[in-house]
Each structure stands twice: as C-alpha cells, then as structure tokens.
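Trainee: need a structure here:
(one chain, ligands or ions: 4)
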Amino acid sequence: AGGWGGPGINLDFRPVAPNVLDAVVVPPGHEQEVLIRWGDPVLPGAPEFDFANQTAAAQAMQFGFNNDFCGLVPMPGHRDRWLMVSNHEYSSEGFMFHGWDSANPTREQFEIGIAAHGLSVVVLDRDRRGRLEVRIDRHFNRRITMTTPFTVRGPAAGSRYLRTSADPAGRTVLGTMNNCAGGVTPWGTILSGEENVNQYFANADSVTDPQARTRLARYGFPAAATGRKWERFDRRFDLAQEPNEANRFGWIVEIDPLKPHENPVKHTALGRFKHEGANVIVAKDGRVVAYLGDDERFEYLYKFVSDGRYKRGDGQLAREHNKRLLDSGTLYVARFRGDSPAAEIDGSGRLPSDGEFDGSGEWIPLAHNDRSFVEGFTAEEVYVFTRQAADAVGATKMDRPEDVQPSPRTGRMYAPLTNNTDRGNPGKEGPTEVNPRVRNRHGHVLELEEARRDNTATRFSWQLLLVCGDPNSPDTYFGGYDKSQVSPISCPDNLAFDSRGNLWVSTDGNALGSNDGLFAVPVEGRERGHVKQFLTVPIGAETCGPVITDDFVLVSVQHPGEVDGASADNPVSHWPDGGATQPRPSVVAVYRTRR
Ligand code: FEO
Ligand code: CA
Ligand code: CA
Ligand code: CA
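Mentor: Ligands and ions are numbered 1, 2, ... in the order given. Below you'll find the model as predicted:
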C-alpha cells in the first residue's frame with residue numbers, strides 16, 4: 001500500500017486496561033475511526049440517516065442494524081480495494097425508535113425491522129495514506145434483507161419440510177435473519193450463519209402434527225406470540241399458518257459479493273441449527289472442510305467435508321466450480337473424551353494432575369448427501385433437524401460453541417466456548433474435561449488437532465488453550481503462560497488469525513464487569529497463552545467480526561449502549577456521534593500511527 005508500508009499491526013503494543021468508557025480505546029501509537037454506521041448510505045441515492053423519521057424505504061438502502069460479522073473480499077485487479085461484507089444480526093426496536101411500544105408495533109416499524117436485517121456489501125478503498133473509505137459503488141454495493149430471494153441448494157433442497165404455500169417447490173426462500181458470525185471462503189465468497197431464528201416465529205404450540213411440534217420445541221420456537229410480533233404483519237411468521245417456514249431458516253448462507261445480481265444460497269448440506277458461522281479450510285487432498293458451531297448452551301460442534309476438490313485460481317471456471325463444493329459431502333458432529341480421571345474434573349476449573357484439560361475425540365458421521373447414518377432419521381431429516389440427529393448419536397454437549405476457526409498456518413481448529421452458566425446446575429449435565437467448569441461464566445478456548453493433521457480425518461486430539469476469567473483466580477489457565485503478565489479475558493466469541501498465525505479473540509458479555517474487547521494471543525512457542533488486550537468497545541457493546549491484516553484491524557461494534565434499562569428514550573451510550581445522539585452500531589478501523 002502506497003506510503004503505508006505495513007506490517008503495521010503486531011503484538012508489541014501496550015495492552016489496553018479494562019474500562020467502562022463510552023469509547024473505542026486502542027493502544028498508544030494507534031488510531032481508530034468509524035468507517036460506516038447504522039443508517040449510513042450503502043446504495044446510491046440512499047437518504048441521509050434521520051433517527052426520528054426513519055422509513056423502511058430508507059433503511060433498505062442504508063447500513064442495517066447491529067452489524068456482527070465483517071469480511072473483506074479482495075477486488076480482483078486492485079491492491080487497495082475490497083468488498084466489505086457486514087452481517088446485520090438483529091434489530092432492537094427499543095433502540096431504533098423513540099416511544100417504542102413493544103405491545104403494539106406499527107407496520108412501518110415492522111418493515112423497518114425487516115430492512116434492518118440481512119447483510120450489506122460496500123466497496124472499501126484505501127488511500128495513499130493507508131486510510132480506508134467506504135464508497136457508494138453503483139455496481140457492487142448491495143443490501144440483502146428479509147425480502148431478498150435465496151436459492152436453496154444441497155441434499156434438502158425441495159424437501160417436503162421446506163415447502164410452503166408461497167414456495168411449493170421448497171427451493172426459494174425470502175430473506176436471511178439473525179446472521180451472526182461468518183467466514184470468507186478460499187474462493188472469495190462469504191459464508192454467514194443464521195443463528196437465533198426461533199425468536200421470529202410464533203405459535204409453535206398451534207402446529208397440529210405432534211412430531212413437528214417436538215422438532216420446533218428442540219429449536220426453541222415460542223409456543224405462542226413472539227416478542228417481535230412480526231406474525232401480525234406477515235403470515236409466514238405464524239407457524240399455525242405456515243408450519244414449515246421456520247425450517248427455511250437456521251442455515252449457512254453463501255453470498256458472492258463479486259456477483260451482485262446473483263441470488264445468495266442456503267446450504268442444506270451444512271445442517272440446520274443455531275449456526276454461529278462457518279469457516280472453510282482446504283485439506284491436504286484438496287477437499288474443503290467447514291467447521292461449524294451451534295451457539296447455545298449444551299449444543300454441539302460440527303464439521304462438513306466436501307466430496308469435490310478445490311480448484312486453485314480466481315478465474316471464472318475455478319470460482320464457479322468452487323462455489324459448488326458445499327453442495328455435497330459428509331456432515332459430522334464431535335464427540336470428546338478427556339484423558340484425566342473423572343474424579344479430577346470436579347467443576348472447579350483447577351487443572352487435573354496431568355497439567356492439562358486435554359484428550360481425544362472423534363467426528364461422528366450424520367449424513368452423506370442422500371444417505372443417513374443416524375438410525376430413525378432419513379437424510380433430509382438429518383439435514384433439517386440436525387440437532388435431534390446429533391442427540392441420537394451421543395455428541396458432546398458444549399458450552400456454547402461460537403465462531404469456530406481453523407488456523408490457516410497449522411490447520412488446527414480453535415473453538416471459543418463463550419460460557420454456560422447452566423453447567424452443573426440441577427437437572428443439567430455436569431463438568432467434563434472439555435467443559436470443565438460448573439456455572440461457567442467466563443468461557444474457554446479449545447484447540448483441536450486432526451489426526452495426521454488432515455482436516456478430513458475422523459479422529460482428533462484436543463486441549464484447552466485458555467480457560468478464561470480473572471488471571472488471579474485459580475480456575476483460569478492461559479496456555480501455561482505466566483498469568484501475572486496477561487490481560488483478563490471473559491466470554492470469547494469471535495476468532496481470527498493474523499498473517500503470523502497469532503490468534504485474535506473478541507468477546508461478548510465480559511462477566512468481569514468491564515467493557516468487551518479484542519485480544520491477541522500467540523498459540524506457538526514461548527509466548528503461547530500471552531493474552532494482550534488490543535482494544536475495548538463502548539459501554540454495552542459487543543466486539544465482533546475482527547479482521548486482522550498487516551496494515552489495519554477492523555472490528556464491528558455491535559449494540560453499543562445495550563444495557564438493562566437503556567433505550568432510545570434513555571440512552572446510556574452516545575457512541576460514536578457524541579453529544580446527546582443515539583448509539584449506532586458501526587464498523588471501526590484501527591491503524592498504527594507510530595512504530
Ligand atoms: Fe450471535 Fe453466537 O452470537
Ligand atoms: Ca457471535
Ligand atoms: Ca488431562
Ligand atoms: Ca455472541
């Protein structure tokens with residue numbers, strides 16, 4: 001990059017101290033700026049943001065609410081231009097409207113909510129000083145909302161469980177929702193996880209088929225009205241009228257930002273659950289492997305191994321071939337074993353006598369295309385009701401598997417387990433070596449190495465890299481590093497790797513009482529486990545979507561000011577605009593200014 005001359009980001013920064021400021025705080029010698037905020041124009045002609053007079057038509061052309069994942073796809077032929085893709089996980093009407101009456105939403109508010117969901121694609125340019133700027137590009141900029149058509153692909157496309165009165169073929173779904181984390185594929189597309197989709201569909205108890213009701217309950221669909229009340233405005237959100245509409249959400253979706261007119265895809269081969277995201281690595285033999293987490297307490301870790309092999313190069317033929325790789329393959333779920341005596345796993349979080357929470361495990365196959373490996377389930381049932389299939393094979397219940405990520409350098413997989421305050425509670429599963437703490441408030445980070453370092457293997461070894469929390473507490477572990485030298489960290493959520501193979505961890509819900517943030521930690525050598533805090537986000541915000549390059553860091557600042565009792569009528573955050581303004585979820589860039 002002209003004049004910038006990275007690598008500008010490395011690990012010699014002075015750690016940011018925990019704080020409760022209404023600001024993004026970065027280390028000395030770094031600067032941060034907001035690139036795009038909720039309501040900023042995405043499409044040409046979008047009106048300027050006007051909080052008090054927002055309309056659905058404006059929102060559909062503007063950056064959506066609560067951006068979570070952020071991914072960069074390089075623009076072919078350019079060194080300093082990318083397509084930046086952001087997920088808009090959910091709308092929070094109490095922070096979007098003055099005088100919000102949750103019992104009586106208006107149709108306009110419903111339609112604004114519909115348009116505030118989905119994704120945004122914008123062109124991002126870097127100038128000669130190395131600074132990034134969002135462009136309003138006529139060709140590439142795009143908004144995907146709850147009304148954008150998606151093509152259903154893979155083994156459950158057209159399944160009887162996906163057919164509705166609006167789509168009797170079960171192959172075209174309008175919209176994507178609750179898009180949480182995601183990943184950039186090796187072929188330059190974006191994968192995004194549809195996560196907490198249950199909150200949008202009402203009246204599960206009014207569904208007549210008892211088996212369908214059981215399936216809906218396993219995914220947490222509400223028995224009666226939803227909090228959002230979208231069912232009042234569109235019958236597809238009323239399960240009593242459209243019992244299959246709910247089955248059309250909870251998938252991994254793929255968006256090709258270089259093809260702005262192409263329908264995005266819902267990939268049924270990757271199963272249906274509360275998908276946090278998907279990250280793909282090319283295995284030694286060229287097949288691609290996607291690692292997947294189901295983010296709820298006591299849910300599972302999955303992986304998908306493709307049948308086809310990755311083709312190198314970014315030519316059209318290779319790209320179109322690679323964009324079909326997630327259509328067919330094998331879906332697996334993980335089962336873990338610890339190697340220490342059960343009596344030593346007492347729930348306290350203290351290390352067992354062998355000095356590690358570690359062990360082995362296996363990937364249990366669930367289905368391969370039209371073939372089911374689970375007794376009592378057809379293949380399409382495995383794909384659409386994946387949680388029940390995983391229950392049936394005795395998969396290991398985890399402490400909220402979030403943004404699972406393979407290291408591009410070593411192929412090892414890292415999984416943040418955010419927390420699980422229910423573990424060990426009456427009637428709930430107790431501690432196991434891989435989830436060793438009862439009432440786990442601070443979470444942990446798992447490291448998994450596949451047999452023969454082959455990502456398609458069905459056996460693996462594992463250990464916990466971090467057991468998070470206050471380093472002064474005996475129930476924490478920082479990869480064996482001197483705990484007096486590390487930053488406190490709580491509730492790991494999103495992961496990313498830098499070009500040197502260091503792991504970066506962002507947090508959601510810091511249970512130590514200070515704001516969330518972004519942390520860096522080497523995973524190899526003498527510095528393994530040396531956690532350093534790189535930034536903190538404003539009060540009430542979650543840190544998401546970290547993108548770590550040699551020249552800059554991007555983070556999504558999601559739900560600033562979202563604390564108990566706060567609302568648009570009583571804001572506790574005024575970030576990023578200051579004064580008496582409303583908080584706005586945003587993407588922030590961090591640059592190094594001194595070295
Ligand atoms: Fe949307 Fe699992 O966080
Ligand atoms: Ca998340
Ligand atoms: Ca052990
Ligand atoms: Ca989260």
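Trainee: how about stretch 495-511: buried residues?
Mentor: 495-498, 502-508, 510-511 (16 or more other C-beta atoms under 10 Å). (Glycine included, C-beta is placed from N, CA and C.)
Trainee: cool, stretch 538-548 as well?
Mentor: Within stretch 538-548, judged by 16+ other C-beta under 10 Å, the buried ones are 538-548.
Trainee: which of these fall in strands?
Mentor: Within the buried residues of stretch 538-548, residues falling in strands by DSSP state E are 542-548.
Trainee: could you redo those as TSV and give each row distance to residue 565 and pLDDT?
Mentor: Below are these laid out as TSV (distance: C-beta to C-beta, whole Å; pLDDT from 0 to 100):
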residue	distance to residue 565	pLDDT
542	18	98
543	22	97
544	23	97
545	27	93
546	29	97
547	33	97
548	35	96
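Trainee: quick check, nearest of those residues to residue 21?
Mentor: residue 543 (13.9 Å; C-beta to C-beta).
Trainee: what's the closest non-adjacent residue to that closest one?
Mentor: residue 506 (3.9 Å; C-beta to C-beta, 6 or more residues apart in numbering).
Trainee: again with residue 198
Mentor: Using C-beta to C-beta, 6+ apart, the closest residue to residue 198 is residue 220 (4.2 Å).
Trainee: number of residues surrounding that neighbour?
Mentor: Neighbours of residue 220 under the rule other C-beta atoms under 10 Å: 14.
Trainee: I'd like to know which of the ones in strands among the buried residues of stretch 538-548 is nearest to residue 453.
Mentor: Using C-beta to C-beta as the measure, the one of these that approaches residue 453 most closely is residue 548, at 23.3 Å.
Trainee: wait, the closest one sits on residue 494?
Mentor: No: counting by C-beta atoms under 8 Å, residue 494 is not a contact partner of residue 548; they are 11.1 Å apart.
Trainee: who touches residue 23 in this structure?
Mentor: Neighbouring residues of residue 23 by C-beta atoms under 8 Å, 6 or more residues apart in numbering: 538, 575.
Trainee: specify the local secondary structure of residue 134.
Mentor: strand (DSSP: H, G, I helix; E, B strand; the rest coil).
Trainee: show me the helices in this protein, by range?
Mentor: 56-59, 93-96, 107-116, 210-218, 316-322, 379-384, 386-392 (DSSP state H).
Trainee: how near is the residue lying closest to residue 474 once chain neighbours are set aside to residue 476?
Mentor: Of all residues not flanking residue 474 in the chain, residue 350 sits nearest, at 5.9 Å (C-beta to C-beta, 6+ apart). Distance, residue 350 to residue 476, using C-beta to C-beta, to the nearest Å: 10 Å.
Trainee: those two: who's more crowded?
Mentor: Taking residue 350 and residue 476 together and counting by other C-beta under 10 Å, residue 476 has the greater number of neighbours (21 against 14).
Trainee: please name the nearest non-neighbouring residue to that one.
Mentor: Closest to residue 476 by C-beta to C-beta, 6+ apart is residue 469, at 4.4 Å.
Trainee: now for the most centrally placed residue in the chain: which residues touch it?
Mentor: When C-alpha atoms, centre = their mean is applied to the chain, the residue found nearest the centroid is residue 181 (1.7 Å). Listed by C-beta under 8 Å, 6+ apart, the contact set of residue 181 reads 68-69, 87, 192-193, 276-277, 402-403, 493-494, 544-545.
Trainee: dump those to a markdown table, plus distance to residue 461.
Mentor: Shown next, in a markdown table, are those (distance: C-beta to C-beta, whole Å):
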| residue | distance to residue 461 |
| --- | --- |
| 68 | 31 |
| 69 | 29 |
| 87 | 33 |
| 192 | 30 |
| 193 | 26 |
| 276 | 23 |
| 277 | 24 |
| 402 | 21 |
| 403 | 22 |
| 493 | 25 |
| 494 | 24 |
| 544 | 30 |
| 545 | 30 |
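Trainee: contacting ligand 4 as well, which ones from those residues?
Mentor: residue 493 (C-beta under 5 Å from the ion).
Trainee: now render the contacts of residue 181 as JSON lines, adding distance to ligand 1.
Mentor: Converted to JSON lines, these look like this (distance: C-beta to the nearest ligand atom, whole Å):
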{"residue": "68", "distance to ligand 1": "6"}
{"residue": "69", "distance to ligand 1": "9"}
{"residue": "87", "distance to ligand 1": "9"}
{"residue": "192", "distance to ligand 1": "11"}
{"residue": "193", "distance to ligand 1": "8"}
{"residue": "276", "distance to ligand 1": "5"}
{"residue": "277", "distance to ligand 1": "8"}
{"residue": "402", "distance to ligand 1": "5"}
{"residue": "403", "distance to ligand 1": "8"}
{"residue": "493", "distance to ligand 1": "6"}
{"residue": "494", "distance to ligand 1": "8"}
{"residue": "544", "distance to ligand 1": "8"}
{"residue": "545", "distance to ligand 1": "11"}
